[in-house]
Structures are given as C-alpha cells and as structure tokens.
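Chemist: no sequence on this one, just coordinates:
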Ligand SMILES: [Zn+2]
C-alpha cells in the first residue's frame, strides 16, 4: 500500500499515514488533497481521488522535543553523519551528552550530539568549555521531515517538492 504524506496547514511535513486514514481526513473535511495518484479510490457507492500528499486544514501544534524519541540513527542523521566537534565522518560515531549526565545534563535533543569515538573519549566527563572543544552548530530538535525520511525507505517523487522545501537533503546521506 502506498503511504500518504501528511502536511501541516503551514505545508510543513508532519508524518506518513495510510491511504485509508488519509481518505477519512479528507472525507471529514479535515484535510485537502494536494497530490493524487492516477487511479481512483473506490468505496461501495462512489469513487474518490487516491491521496498521495494531503494538507491539514487546521494548523496542528507539534511539541517536538517530547514527541520524538532519541535514537542513534535519527541523531546521526540530524547531524549529517558527522562528528559535531571535529567534523569527521570516518570514525565510529557515538552519542555524546553536551552537558554530561553526571553534571545533570538531560537526554533531550538539545543536549545530545553525534561525536566520533576519539572526540567523545577526549571530552570525557567534562563540559565543552572545560574540554576546550567547540560545537560546529548547536543541537536542536530535528524537524518532522527527518523522521519521514528515516521511515520511508524510498521517497516517492510526488513528495519530493514538499520535503525539499523543509531541508530534506541532509538525511539522504
Ligand atoms: Zn570528532
């Protein structure tokens, strides 16, 4: 079954759903079809367009930081599969807490980064300042588009324009 891309009212990609659930949203007037596939969707009595990309009519607020669990794969993808300290992509990658857990640092998107094993070892139980290291960019909660890319093994062509508008290129690595 072809998955359907769901966009927020702001056109930001939110998630991926089934054709059936997408159709229900459209049927109830909660979403509009932006892209459809060249085939009809049959119900008992009538036919509808086959949804491929839909957009919610009302904006949905997404509490990002709490919504998405941290996984190594998502973290590494967020950071472009590179160490945030030295920039290498060649070493074994690890998860590093910017403020160490022993110092009260939380396991939240804003406090975890991708570090190569040597940098992680060098930093040890210290803060970035104490270790005299530098973050190439501050860690942030990733946009939903990252998880869409990680979830869909192959991104359908019809989704591409909607994803690329929200910086989808990074997770392709
Ligand atoms: Zn490194």
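Modeler: On my side now, so go ahead. Because the structure is a prediction, the values reported are computed rather than measured.
Chemist: state the helix or strand in which the residue of the chain most remote from its centre lies.
Modeler: The C-alpha centroid of the chain is most remote from residue 45, which lies 38.2 Å away (CA atoms, centre = their mean). Using DSSP states H and E, residue 45 maps to neither a helix nor a strand.
Chemist: ok, it to residue 36 distance?
Modeler: Counting by CB to CB, to the nearest Å, the gap from residue 45 to residue 36 is 19 Å. All C-beta spots, glycine's among them, are computed from the backbone N, C-alpha and C.
Chemist: now do residue 145
Modeler: Distance, residue 145 to residue 36, by CB to CB: 21 Å.
Chemist: so which residues on the chain come close to the ion?
Modeler: Contact residues (CB under 5 Å from the ion) of the chain with the ion: 83, 85, 86, 116, 119.
Chemist: now the first one. Nearest residue, chain neighbours left out?
Modeler: Leaving aside its sequence neighbours, residue 83 sits nearest to residue 116 (CB to CB, 6 or more residues apart in numbering; 3.8 Å).
Chemist: for the residue nearest in space to the middle of the chain, give its distance to residue 137.
Modeler: For the chain, the residue whose C-alpha lies nearest the mean C-alpha position (CA atoms, centre = their mean) is residue 146; its distance is 2.2 Å. Per CB to CB, residue 146 is found 15 Å from residue 137.
Chemist: thinking again about what came up before, part of a helix, is the residue nearest to the centre of the chain?
Modeler: Yes - assessed by DSSP: H, G, I helix; E, B strand; the rest coil, residue 146 belongs to a helix.
Chemist: the more surrounded of residue 145 and residue 36?
Modeler: residue 145 (22 against 17; other CB atoms under 10 Å).
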